[in-house]
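Chemist: Test case, fold it:
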Amino acid sequence: MKIVALLGSPRKGGNTELLLNSAIKGIEDSGFSVKVFDLNSMNILPCQDCGGCDNTGICIYEDDMTTIYEAIREADRVILASPIFFFALSAQTKIMIDRCQSFWCEKYLLKKPVQAGKYGRKGLLLMVAGMKIEKEFECSELTAKVFFRSISVTEHATLSIAGVDDKGAILRHPTAQKDAYEAGKALVKGDQN
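Modeler: Next up is the predicted model:
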């Protein structure tokens, strides 16, 4: 099984990365490995809305997204991990999502969605926010849902942790690490190597 994690946090060793690491531990303890893409360290141009992918489903720009496209296309499981800034996914995460317009074109204009392998295609959304406001995750959840559907991930689970702002604060959260570990295990539960 191929599992891809897209880490959208600009803060190295921050709360989002720590949460993702716990989910990865759950996956690894289940016998699988995860390929992590640190979006902040990658050279990814913003979508230029040029229409270059309309007729082919392939982005005309060549940068580090090329490796992400390939990984997403081959993945059985996709994890999207982002901090929440101003009620939205991080800029690093959103740039990557916007560049997946090519998958949207491929699926909806060309009627050629990414085909699922023998394990199907499932996702996991991990979000971390500093505030504790009831609706702070809603916009990001909707954006992530459209992203997952565009890359032909038809179902995904979500784990949102609020009130963890300072670097490392998530380690003091009473359930975050355990919840992420279990979410990782659940993502691959019942699937064979």
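
Chemist: after the host helix or strand of Val4 comes which helix or strand?
Modeler: Val4 is located in strand 3-7, with elements delineated by DSSP states H and E. Once strand 3-7 ends, the next helix or strand along the chain (criterion: DSSP H and E) is helix 15-28.

Chemist: For the very next helix or strand once past that following helix, buried residues please.
Modeler: Counting by DSSP H and E, the next helix or strand C-terminal to helix 15-28 is strand 35-38. The neighbour-count check on strand 35-38 (16 or more other Cβ atoms under 10 Å) flags 36-37 as buried. To be clear about C-beta, it is placed using only N, CA and C from the backbone, and glycine gets the same treatment.

Chemist: Repeat that for stretch 139-148.
Modeler: Across stretch 139-148, burial judged by 16+ other Cβ under 10 Å covers 140, 143-144, 147-148.

Chemist: go on, stretch 72-92?
Modeler: Residues of stretch 72-92 classed as buried under the neighbour-count rule (16+ other Cβ under 10 Å) are 72, 75-84, 89-90, 92.

Chemist: Lys2 contacts Val78, correct?
Modeler: No. The pair Lys2 / Val78 is not scored as a contact, 9.6 Å apart, by Cβ atoms under 8 Å.

Chemist: still on that earlier bit, give me the sheet partners of the strand holding Val4 and which way each runs.
Modeler: Strand 3-7 has its sheet partners listed here by DSSP bridges as strand 35-38 (parallel), strand 77-85 (parallel).

Chemist: Tabulate these (a markdown table), appending mean pLDDT.
Modeler: As requested, those are arranged in a markdown table below (pLDDT from 0 to 100):
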| stretch | mean pLDDT |
| --- | --- |
| strand 35-38 | 97 |
| strand 77-85 | 96 |
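
Chemist: what's the closest of these to Glu136?
Modeler: Glu136 lies closest to strand 77-85 among the strands paired with strand 3-7, at 6.0 Å (Cβ to Cβ).

Chemist: helices and strands around the helix or strand that that closest one is followed by, which ones?
Modeler: Heading C-terminal from strand 77-85, the first helix or strand you meet, by DSSP H and E, is strand 88-89. Other helices and strands packing on strand 88-89, by 3 or more Cβ pairs under 8 Å, 6 or more residues apart in numbering; DSSP states H and E, are helix 138-150.

Chemist: List the contacts of the helix or strand following the helix it packs on.
Modeler: Downstream of helix 138-150, the first helix or strand assigned by DSSP H and E is strand 155-161. Outside strand 155-161, the residues within contact range by Cβ atoms under 8 Å, 6 or more residues apart in numbering are 15, 19, 23, 78, 122-129, 137, 141, 144-145, 148, 170, 173, 176, 179-180, 183, 186-187.
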